[in-house]
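> Here is the input, now give the coordinates:
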Amino acid sequence: MHELINSWVGVVSLIGFVLAYTLVIFEEKLHLRKSKPVILIGCILWALIAFYEATHGGGHAEEHVKDLLEEIAELFFFILVAMTYINTLQERLVFESLKSWLIKKGFSYRSLFWITGIITFFLSSVADNLTSALLMATVVSAVSSNRSYIVPSFVNIIVAANAGGAWSPFGDITTLMVWTAHKVDTLQFMYIFIPSAVNWFVPAFIMFFFLPKGKPEGSIVSVKMKPGARRTIFLGFLTIATAVSFHQFLNLPPFLGMMTGLGFLMFLGWHLKRNHANKTTEDQFNIFRKIERAEFDTLLFFFGIIIAVGALQYIGYLALLSHSLYGGLGNTTANTAVGVISAVVDNIPVMFAVLQMDPNMGLGQWLLITLTAGTGGSLLSIGSAAGVAVMGVRRDLYTFAAHLKWTFAVALGYIASIGMWWLLLRNF
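Sure, this is the predicted structure:
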């Protein structure tokens, strides 16, 4: 592949990828969905590679693309089902009901800070970190407009969402990628539960002392869940159990278990629709509307990134990077650095690049890269999907600069979590 690196294709491909990813970084300013540039550049890169091979003879681009397609399909369907369940739970008012309950209880600022953080940490291990962070951020925003409460609470929620997603194969796309690549087994993710908890607790403990005392005014608003909500929650956990069972006991891809769960949800939707045929449109259930509401920008971004990074790997850039990064710095330093990089660059392409490099690492190091890639994005507000989403809740109060004031606390948590990993797992 060194021939491709030194050719015009290698140079043009690298420049094109950098330009496309620059557009992704400035998504909010340009109002350009992140999926658009990566899909375009990913397909163009493979067209250039195929053209070069056709004119110079040899090559096996087609076979490599087909291998990438298998990876894309497995993760695409897995994430689609997860998003459909989240959309169904939202439509059945499960999250709204939780939000109204928290607000009605009249907790103090400091109590609500810990409650929302803890809920986010555990919720993001089964739901995605973006949804968990967005839900808790709306709770915090609905309670009060006090800046000294809003900003540290938002930072707390983002850190909790990213840290909570790191110790479960279902908590984040990056952990899902590591899981489906068979680098870490299902129960082995629990080994980084304590480092993940430390990652969240340290900055939370620091910020706690800067929170205002007293409590906001309570709310009398009460939201009841729609029919079928509890059954949907049950099916959601059953679907996760099915995916794990397919993977662990039947040696089948986890997405088959997720698609089985989607089938269960479809039949529940049919049952609810029959039983509520005479109710208003708002009360009726349409499973295909829930699928339509899946975040296809994220799904297509995921496709584009895998295709584009796969092209760079085929050319030979990732082997070069792996040699200089992991060969030069060592696994622990390299994996720690990758986490810091993910504060600027989305952790999906970062993790996929590491998986494609496939450095020679034991379980402990794969757990470390899972931890750092998942939590490094908390260092900046733009470093993770959770952070970007929360920025949209209260743009007037929570900004990039507002988050930056607490980066020192987040960084201490990041360092402490790596220290905890070193104490517990460095010899794995």
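> so Thr372 sits right up against Ser342, yeah?
Yes. Counting by C-beta atoms under 8 Å, Ser342 is a contact partner of Thr372 at 7.4 Å. Quick note: C-beta positions are derived from backbone N, CA and C, even for glycine.
> shared neighbours of these two, anything?
Listed as contacting both Thr372 and Ser342 by C-beta atoms under 8 Å, 6 or more residues apart in numbering is no residue at all.
> Now Thr239: closest residue in space that isn't a chain neighbour?
Gly261 (2.6 Å; C-beta to C-beta, 6 or more residues apart in numbering).
> Thr120 now?
Ala160 (4.0 Å).
> Counting neighbours, show which residues of whichever helix or strand the one you found is part of come out buried.
Secondary structure assignment for Ala160, by DSSP states H and E: helix 147-166. Neighbour-count burial for helix 147-166, counted by 16 or more other C-beta atoms under 10 Å, picks out 149-166.
> The helix or strand that that helix is followed by - contacts with which helices or strands?
Downstream of helix 147-166, the first helix or strand assigned by DSSP H and E is helix 173-180. When contacts are defined as 3 or more C-beta pairs under 8 Å, 6 or more residues apart in numbering; DSSP states H and E, helix 173-180 packs onto helix 61-91, helix 347-357, helix 363-375.
> and the ones you listed, which one is worst for confidence?
In terms of mean pLDDT, the lowest-scoring of the helices and strands packed on helix 173-180 is helix 347-357 (a mean of 79).
> follow-up on the earlier one: redo the helices and strands packed on helix 173-180 as a markdown table? Include mean neighbour count and distance to Ala319.
Listed next are these as a markdown table, based on neighbours: other C-beta atoms under 10 Å; distance: least, C-beta to C-beta, whole Å:
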| stretch | mean neighbour count | distance to Ala319 |
| --- | --- | --- |
| helix 61-91 | 18 | 14 |
| helix 347-357 | 23 | 7 |
| helix 363-375 | 26 | 18 |
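> now these in TSV, with distance to Thr242?
Output for the helices and strands packed on helix 173-180, formatted as TSV (distance: least, C-beta to C-beta, whole Å):
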stretch	distance to Thr242
helix 61-91	10
helix 347-357	25
helix 363-375	23
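> can you tell which of those helices is closest to Ser144?
helix 61-91 (23.4 Å; C-beta to C-beta).
> on that earlier part again, could you say which one of the helices and strands packed on helix 173-180 comes nearest to Ile206?
When these are ranked by proximity to Ile206 (C-beta to C-beta), helix 363-375 comes first, at 15.8 Å.
> Could you look up the next helix or strand downstream of the closest one?
Immediately after helix 363-375, counting by DSSP H and E, sits helix 385-391.
> what does that next one rub up against?
28, 124, 129-130, 132-134, 137, 154, 157-158, 161-162, 298, 346, 377-378, 380-382, 398-400, 403.
> Name only those of those residues that count as buried.
Taking 16+ other C-beta under 10 Å as the criterion, what is buried in these is 124, 129-130, 132-134, 137, 154, 157-158, 161-162, 298, 346, 377-378, 380-382, 398, 403.
> distance of the residue nearest the centre of the chain from Gly257?
What sits nearest the mean C-alpha location of the chain, by C-alpha atoms, centre = their mean, is Asp172, with 3.6 Å. Here the criterion is C-beta to C-beta, to the nearest Å. By it, Asp172 lies 18 Å from Gly257.
> I'd like to check which residues are in contact with the closest residue to Trp8 other than its chain neighbours.
Among residues not flanking Trp8 along the chain, Tyr52 sits closest, at 8.0 Å (C-beta to C-beta, 6+ apart). Applying C-beta under 8 Å, 6+ apart, one finds that Tyr52 lies in contact with 4, 7-9, 59.
> How far off centre is the helix or strand containing Tyr52?
Applying DSSP H and E as the criterion places Tyr52 in helix 35-56. Put simply, helix 35-56 sits 27 Å off its chain's centre (C-alpha atoms, centre = their mean, to the nearest Å).
> can you pull the buried residues of it?
35-39, 41-42, 44-46, 48-49, 52-53.
> now the angle from it to helix 61-91?
Angle, helix 35-56 to helix 61-91, by axes from the mean of the first three to the mean of the last three C-alpha atoms, to 10 degrees: 170 degrees.
> Helix, strand, or coil at Val184?
Secondary structure, DSSP: H, G, I helix; E, B strand; the rest coil: Val184 is coil.
> List the residues that contact Tyr109.
Contacts of Tyr109 by C-beta under 8 Å, 6+ apart are 144, 146, 149, 211-216.
> Let's see that with 7 Å instead.
149, 211-212, 214-216 (C-beta atoms under 7 Å, 6 or more residues apart in numbering).
> any idea how far it is from Gly214?
Distance of Tyr109 to Gly214, computed by C-beta to C-beta: 6 Å.
> mind listing what the residue nearest to Phe428 when sequence neighbours are not counted touches?
Using C-beta to C-beta, 6+ apart and skipping residues adjacent in sequence, the residue nearest Phe428 is Gly364, 3.3 Å away. Gly364 makes contact with 425-428, according to C-beta under 7 Å, 6+ apart.
> Wait, Ala133 touches Leu123, no?
No. Using C-beta atoms under 7 Å, Ala133 makes no contact with Leu123, being 9.3 Å away.
> overlap in contacts of the two?
Common contact partners of Ala133 and Leu123 (C-beta under 7 Å, 6+ apart): none.
> just the CA coordinates of stretch 201-214, formatted as CSV?
The C-alpha trace of stretch 201-214 is given here as CSV (Å, rounded to 0.1, in the frame of the first residue of the first chain):
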residue,chain,number,x,y,z
PHE,A,201,-17.4,12.0,40.5
VAL,A,202,-14.2,14.0,40.7
PRO,A,203,-15.4,17.0,38.6
ALA,A,204,-18.9,16.7,40.2
PHE,A,205,-17.4,16.9,43.7
ILE,A,206,-15.4,20.0,42.7
MET,A,207,-18.3,21.8,41.1
PHE,A,208,-20.6,20.9,44.0
PHE,A,209,-19.0,23.6,46.3
PHE,A,210,-19.8,26.3,43.7
LEU,A,211,-23.5,25.6,43.5
PRO,A,212,-26.0,28.0,45.0
LYS,A,213,-27.8,26.9,48.2
GLY,A,214,-31.6,26.8,48.6
